[in-house]
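Peer 1: based on what follows, work out the 3D shape:
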Amino acid sequence: MLVHICCSVDSHYFLSELHKAYPDENLVGFFYNPNIHPKEEHDLRLQDVRRSCNMLNIKLIEGEYNTQVWFENVKGLEDEPEKGDRCNVCFDTRLVKTAQLAKEMQIQKFTTTLLSSPMKEQQVLYKQGDIIAAKNDLEFIKINVRANGGVNKQNELAKEDKLYRQNYCGCQFALKQQRSKQDKVVFEMMSNVSGQIMPASNEYRKLTFNQRDILEKEGKGYVLTQQENLVWRLLLGRVWHKKEVIPSYIIARSNSKKKAKSSKITWAKPKIECFYQIFQTQLKDLSNKEKVSFLTQKEERYKLDSKLLIGFSQKDDSMFIDINTLNFFFNTEYKDVANMIKNPPKYTQEMHLRYGLCGMESMNPIVILDTQIPYDITLEIQSVFQNERNFVVFEEM
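Peer 2: I've put the predicted structure just below:
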């Protein structure tokens, strides 16, 4: 029997129950989901389905990721609600492909794990499956795994076997509607052009589940859990000097500013109470003796080097750091801000800088410039903070 698979959360329980109902059938999984956006999310779900099928000892066939055909099929239905006509076309697109593959492989029966999803209309799927089966001289297997507490059992199994539990169906249209109702920005469709990995990003989730897979391969224990965080994204950041836009880099968790003008910037050498906090990235792999030596040298240089200064706006809470001082704090050799943008520091390193200079919960803008500009700066920042749940892996000792 060929089984179309939509995601591991649905397939893991569905395949287990299907095997009980059809013990003599050789089950073959088929992952084909051009409706999952963006591609990073598609690939993460595929990665988890591979793991699930391996755990269940089920062969998996991976379909192509052809979004062009899917977008053409749902054209004009972009604004349809969840469980509307767009979803029906989406089902057809995937079931037709599954039926075609079943015929090619000379497999008489096919079905889909979509039947286990509480977000899908089961009767609609039954009807569509039968129509497609009849056109291809196949049999569509209708099975209800939701009954008798099936949905709860499915969720418990997903947690027990540490699956990736996504929080939206798949397509960007349904996702945008869902986030709009939640009054949230669609972080899932955003990607940092510089390549920096940020919390609650597609790249962050992939790293998390890669870590899970590595620990399993090495036979190490771990805990997979979720944590709620206030996550930040920069939507726009610009700095003007003498009415010209100049290169700038906005440090993480900088609050929005609507063209804030600072006629004077005071460059000074403030006493830093949490000096060591700024250098946590560099200190983590050093011995205690090396840490003391490193910090002593840094503190001495900070005191003596007259060029290492922090800029303070005389109008608001904005702070400025030139690239030379930034290199001192980060132990980097950036030639200029443009170079920093192309090769950004780690998000955690930016947070260490913020913690050391302004405090853990600070939100004031921290802006990196090429030089120490003393006057006439206009700053515009559009940023957003919103609560997001992040998967986190804790390795056991």
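Peer 1: buried ones in the helix-or-strand element of the chain with minimal mean pLDDT?
Peer 2: Lowest by mean pLDDT, DSSP states H and E among the helices and strands of the chain is helix 275-278, with a mean of 90. Residues of helix 275-278 classed as buried: 276-278 (neighbour count, 16 or more other CB atoms under 10 Å). All C-beta atoms are positioned from the backbone trio N, CA, C, and that covers glycine.
Peer 1: between the residues you listed, which is closest to residue 21?
Peer 2: Nearest to residue 21 among the buried residues of helix 275-278 is residue 277, at 58.0 Å by CB to CB.
Peer 1: hang on, residue 171 packs against residue 35?
Peer 2: Yes - the pair residue 171 and residue 35 qualifies as a contact (CB atoms under 8 Å) at a distance of 4.7 Å.
Peer 1: what about residue 186, neighbour count?
Peer 2: Neighbours of residue 186 under the rule other CB atoms under 10 Å: 13.
Peer 1: what does stretch 332-342 rub up against?
Peer 2: Stretch 332-342 has contacts (CB atoms under 8 Å, 6 or more residues apart in numbering) with 194, 247-249, 323, 326-327, 343, 345, 368-370.
Peer 1: ignore the last one, stretch 207-226
Peer 2: Contacting residues not belonging to stretch 207-226 are listed as 44, 47-48, 51, 162, 164, 197, 389-396 [CB under 8 Å, 6+ apart].
Peer 1: just the buried ones from those residues, in PyMOL syntax?
Peer 2: Entered in PyMOL, the line below selects the buried ones among those, by 16+ other CB under 10 Å:
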select buried, resi 44+47+48+51+162+164+197+390+391+393
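Peer 1: residue 297: which of the contacts of stretch 207-226 is nearest?
Peer 2: residue 197 (29.8 Å).
Peer 1: so the closest one: helix, strand or coil?
Peer 2: Classification of residue 197 by DSSP: H, G, I helix; E, B strand; the rest coil places it in coil.
Peer 1: quick one: residues contacting it.
Peer 2: 203-204, 207, 346-347.
Peer 1: list the buried residues in the longest helix anywhere in the chain.
Peer 2: Longest helix in the chain, counting residues (DSSP state H): helix 85-104. For helix 85-104, a neighbour-count test (16+ other CB under 10 Å) marks 86-91, 93-99, 101-102 as buried.
Peer 1: quick one: that helix to chain centroid distance?
Peer 2: 28 Å (CA atoms, centre = their mean, to the nearest Å).
Peer 1: avg pLDDT for it?
Peer 2: Mean per-residue pLDDT for helix 85-104: 97.
Peer 1: residue 212: neighbouring residues, count only.
Peer 2: There are 20 residues near residue 212, going by other CB under 10 Å.
Peer 1: okay, and it sits in which element?
Peer 2: Using DSSP states H and E, the element containing residue 212 is helix 202-217.
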